[in-house]
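In: this is a predicted model, with the sequence first.
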Amino acid sequence: MDLLVGDVKDKVAILVDDMVDTGNTLTLAARTLHEKGAKSVHALISHGLFSETNMSLIEALPIKELVVLTFSSQKTKYIIS
């Protein structure tokens with residue numbers, strides 16, 4: 001099953017999502033774009049809940065820049081910039 005429509009090879013990819021809770025969709029999208037050859041991946045999240053997220057997994061994603069407008073986490077020691 002193809003998750004991506006179009007060609008992202010050597011292009012800048014921008015992910016926009018209204019909410020990230022577990023991070024599963026963000027992970028799938030970022031890895032898919034990277035594997036398909038995107039030059040860089042940037043993500044903009046309106047609401048970062050991260051209630052069930054292992055933040056080290058998010059930090060390891062092939063995302064050059066992650067912007068979260070509102071942030072709520074059980075682990076307040078993490079700051080995403």
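Out: Structure received. The model shown is predicted, which means the values in this text are computed figures rather than measured ones. Residues are numbered from 1 along each chain as shown.

In: show the pLDDT at His34.
Out: Confidence at His34, expressed as pLDDT, is 97.

In: neighbours of it, how many?
Out: For His34, the count of nearby residues is 17 (other Cβ atoms under 10 Å). C-beta: built from backbone N, CA, C; applies to glycine.

In: report how many residues lie close to the nearest residue to Lys39 once chain neighbours are set aside.
Out: Closest residue in space to Lys39, ignoring its immediate chain neighbours: Asp10 at 5.2 Å, by Cβ to Cβ, 6 or more residues apart in numbering. For Asp10, the neighbour count with other Cβ under 10 Å is 8.

In: can you confirm Asp10 is in a helix?
Out: No: applying DSSP: H, G, I helix; E, B strand; the rest coil, one finds Asp10 to be coil, outside a helix.

In: what ranges does the protein have for its helices?
Out: 24-35, 55-59 (DSSP state H).

In: quick one: the last one to chain centroid distance?
Out: Right, the one you point to is helix 55-59. Per Cα atoms, centre = their mean, to the nearest Å, the displacement of helix 55-59 from the mean C-alpha position of its chain is 10 Å.

In: quick one: buried residues of it?
Out: Neighbour counts over helix 55-59 (16 or more other Cβ atoms under 10 Å) mark Ile58 as buried.

In: follow-up on the earlier one: and the residue nearest to Lys39, what does it touch?
Out: By Cβ atoms under 8 Å, 6 or more residues apart in numbering, the contact set of Asp10 is 37-39.

In: tell me which of these is nearest to Ile14?
Out: Ala38 (9.8 Å; Cβ to Cβ).
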